[in-house]
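Student: Take this sequence and fold it.
(one chain, ligands or ions: 1)
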Amino acid sequence: MLLPRAQPLSAEQPVTYKVSFPAPEHHYAQVEVMFSDVTGVVEARMSRSSPGRYALHEFAKNVFDLQAFNGAGKPLATGRPNPYQWNVEGHDGTVRILYKIYGDHVDGTYLGIDPTHAHMNMPATLLWARGLDSRPVRVTFVPPATGAWLPATQLFPTVDPWTFTAPNLQYLMDSPTELSAQTIRSFKVSNPDGKTFTIRTAVHHDAGDSEMNAFVAGVEKIVKEHGSIFGEYPEFDTGTYTFLGDYVPWGGGDGMEHRNSAVVAADVSLRTPGMVSEVLDTVSHEFFHAWNVERIRPKSLEPFSFEEANMSGELWLAEGFTQYYGNLVMVRAGLVPVSQGVAGLVGAATAVMNVRADSSDRRSA
Ligand SMILES: [Zn+2]
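Tutor: Okay, here's the model as predicted:
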C-alpha cells in the first residue's frame, strides 16, 4: 500500500531537536524531535549514509526506547516497515518522538558519548522525517549538569550558546558537533577583497598549554599555505571554519571533511613527543577538502542521499588530489622535511595499489 508522505503546510515550521545526556557513562543520548504542521503519515528515518563516508552504515541499529506522542502528549502507535523507519499516524499535526541512541565510537562517522564528551556525527544521532528536508532546523543541546562542557560545531549560533540552527536537513546532517571541556582558540584569515574569516580550533585533549600552542601554530601555517594555493578562502557560510579536534587516548582515529568544519581525531595524547606534528597531517588533508570535494564537488554526490550511498567514481580522483596537496602543504609549511612528505605520498600510492578488495574501512576520507 502506498501511504501519503508527510507534507509541510504553507509556512515552513522548523524541525526542533533537544539532545541531552542523562547518563553519559552509559554512552547514550536522549533525543527529542518535534515535527509540527504535518499531515499524513510521518515517516521518521535514521540515515544509512553520512557525508564524506561513502558507504552504507545502519545507524538505526543504535536507536532504542523510541516513543511517539501527538501535540497534546497522547502516545501514538509507531509502525516499523523496515529497520530504518518508524511510521507515525493518527496525530494532530504535531509529532514528538523521544528516543535514546547508543554511541561509544569516536570517529568521523559514528557517535561517541562518555563522561568527558559527546562527539556527535549527526546522521548517527538524529532522526529526520521524509518530505521535510527543506525545513529549517533548531537544535538545543543539554550538557550534563556536572560537566564544564562547551559546544563546537559549524551549525549557526543563536543568542543561546547551546542552541543552534541549520537552514535545512542537508546542512544539519553535514554538521558534526563536539561537546566537551575543550580548548577553543581562533585566528583570522583574509581574502584579497578584504573579507575576513575566523578559523577556529576546538580541541578535546589531555595535554597542556604548550602542546595546544604548538598545535594551533601548526594549524595556522597549514591554513595559510592552503590559502596561497587558491589565492583566497572559500566563503564559509557562517564566516567561520572549525577544526573539531579530538585527541584523547580513549577516543578514535579519523579525519572527515564538511562544508565549514572538519573532524580531526586520533586516539593519542598530544603530550607524546612528536605527536602534535603527526596529527597535523590530517588537518592539512581535511582543510584542502574545504575547496576540493566540498565546493569543487563530484556531481554524483549531489543531492546527497541519506537513504542509500551515492555512487561516485570521481570521488577517488578528488581524494587523490587531496592526498597529494595535504602532503605538499605539510612540506611547504615547514612542518615536515621533503623526505617525509615524499614518503607519505609513496605510502599512500603503495596502499592503494596493494589494498585488498575486501578491506571494508578507509580512514581519513
Ligand atoms: Zn571529544
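
Student: helices and strands around the longest strand seen in the chain, which ones?
Tutor: For the chain, the longest strand by residue count, based on DSSP state E, is strand 196-205. Strand 196-205 is packed against strand 150-153, strand 177-180, strand 183-190, helix 209-230, strand 240-247, with contacts defined by 3 or more CB pairs under 8 Å, 6 or more residues apart in numbering; DSSP states H and E. Glycine gets a C-beta too; all of them are placed from N, C-alpha and C.

Student: Tell me the helix or strand right after the first one.
Tutor: Spelled out, it's strand 150-153. Once the chain leaves strand 150-153, the next helix or strand it forms, by DSSP states H and E, is strand 156-157.

Student: just checking, what packs against that following strand?
Tutor: With 3+ CB pairs under 8 Å, 6+ apart as the test, strand 156-157 has strand 163-166 packed against it.

Student: Averaged pLDDT, the strand it packs on. What do you get?
Tutor: The average pLDDT within strand 163-166 is 98.

Student: re earlier: any chance of the helices and strands packed on strand 196-205 in TSV, plus distance to Gly52 and mean neighbour count?
Tutor: Formatted as TSV, those follow (distance: least, CB to CB, whole Å; neighbours: other CB atoms under 10 Å):
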stretch	distance to Gly52	mean neighbour count
strand 150-153	16	21
strand 177-180	15	25
strand 183-190	23	14
helix 209-230	18	18
strand 240-247	13	25
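
Student: now the ones you listed as TSV including mean pLDDT and distance to Ser36?
Tutor: Below are the helices and strands packed on strand 196-205 laid out as TSV (pLDDT from 0 to 100; distance: least, CB to CB, whole Å):
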stretch	mean pLDDT	distance to Ser36
strand 150-153	98	24
strand 177-180	98	23
strand 183-190	98	33
helix 209-230	98	41
strand 240-247	98	30
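
Student: how close does Pro90 get to the ion?
Tutor: Let me fix one detail, which is that residue 90 is Gly and not Pro. 41 Å (CB to the ion, to the nearest Å).

Student: Show me which residues of the chain sit near the ion.
Tutor: On the criterion CB under 5 Å from the ion, the ion has as its neighbours in the chain the residues 117, 119, 180, 204, 246.

Student: which among those residues gets closest to Gln67?
Tutor: His119 (25.8 Å; CB to CB).

Student: Mind telling me what element the closest one is part of?
Tutor: His119 belongs to strand 117-120, assigned by DSSP H and E.

Student: quick one, helices of the chain?
Tutor: 169-173, 209-230, 275-288, 314-332, 338-354 (DSSP state H).

Student: Any chance you could list what contacts the first one?
Tutor: Okay, so that is helix 169-173. Helix 169-173 is contacted by residues 15, 47, 50-51, 122-123, 126, 128, 132-135, 137, 139, 155, 166, 237, 259, 303-304, 306 when judged by CB atoms under 8 Å, 6 or more residues apart in numbering.

Student: What of the second one?
Tutor: Contact with helix 209-230 is made by 183, 185, 187, 189, 199, 201, 203, 205, 233, 243, 245, 270-271, 275-277, 279-280, 283-284, 287-288, 290-291, 325, 329-330, 332-335, as judged by CB under 8 Å, 6+ apart.

Student: residues near the closest residue to Trp149 other than its chain neighbours, how many?
Tutor: Nearest-residue entry for Trp149: Pro143, 4.2 Å, with adjacent residues in sequence omitted and distances by CB to CB, 6 or more residues apart in numbering. Other residues within reach of Pro143, judged by other CB atoms under 10 Å, total 20.

Student: ok, how many other residues are close to the closest residue to Tyr54 other than its chain neighbours?
Tutor: Nearest non-adjacent residue to Tyr54, counting by CB to CB, 6+ apart: Ala309, 5.7 Å away. Ala309: 16 surrounding residues under other CB under 10 Å.

Student: From the ion, how far out is the nearest residue to Val331 once chain neighbours are set aside?
Tutor: Spatial nearest neighbour of Val331, chain neighbours left out: Gly341 (3.8 Å); criterion: CB to CB, 6+ apart. Counting by CB to the ion, the separation of Gly341 from the ion is 29 Å.

Student: List the residues that contact Gly341.
Tutor: By CB under 8 Å, 6+ apart, the contact set of Gly341 is 327-328, 330-331.

Student: Closest to the ion out of the residues you listed?
Tutor: Met330 (24.1 Å; CB to the ion).

Student: Pull the contacting residues for that closest one.
Tutor: Counting by CB under 8 Å, 6+ apart, Met330 makes contact with 222, 280-281, 284, 336, 340-341, 344.

Student: can you check Met34 too?
Tutor: Met34 neighbours (CB under 8 Å, 6+ apart): 15-17, 94-96.

Student: Check Glu58 too.
Tutor: Contacts of Glu58 by CB under 8 Å, 6+ apart are 48, 83-84.

Student: returning to what we had before: quick one: mean pLDDT for the strand holding His119?
Tutor: Rounded mean pLDDT across strand 117-120 is 98.

Student: circling back: would you convert the contacts of Gly341 into a markdown table that also reports distance to Thr39 and pLDDT?
Tutor: Shown next, in a markdown table, are those (distance: CB to CB, whole Å; pLDDT from 0 to 100):
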| residue | distance to Thr39 | pLDDT |
| --- | --- | --- |
| Asn327 | 53 | 95 |
| Leu328 | 54 | 97 |
| Met330 | 54 | 97 |
| Val331 | 58 | 97 |
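
Student: could you redo the residues you listed as a markdown table and give each row distance to Ala77?
Tutor: Output for these, formatted as a markdown table (distance: CB to CB, whole Å):
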| residue | distance to Ala77 |
| --- | --- |
| Asn327 | 55 |
| Leu328 | 58 |
| Met330 | 56 |
| Val331 | 61 |
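
Student: Need phi/psi at the closest residue to His258 other than its chain neighbours.
Tutor: Spatial nearest neighbour of His258, excluding adjacent residues (CB to CB, 6+ apart): Asp174 at 5.0 Å. Here is the backbone geometry of Asp174 (degrees, to the nearest 10): phi -90, psi 10.
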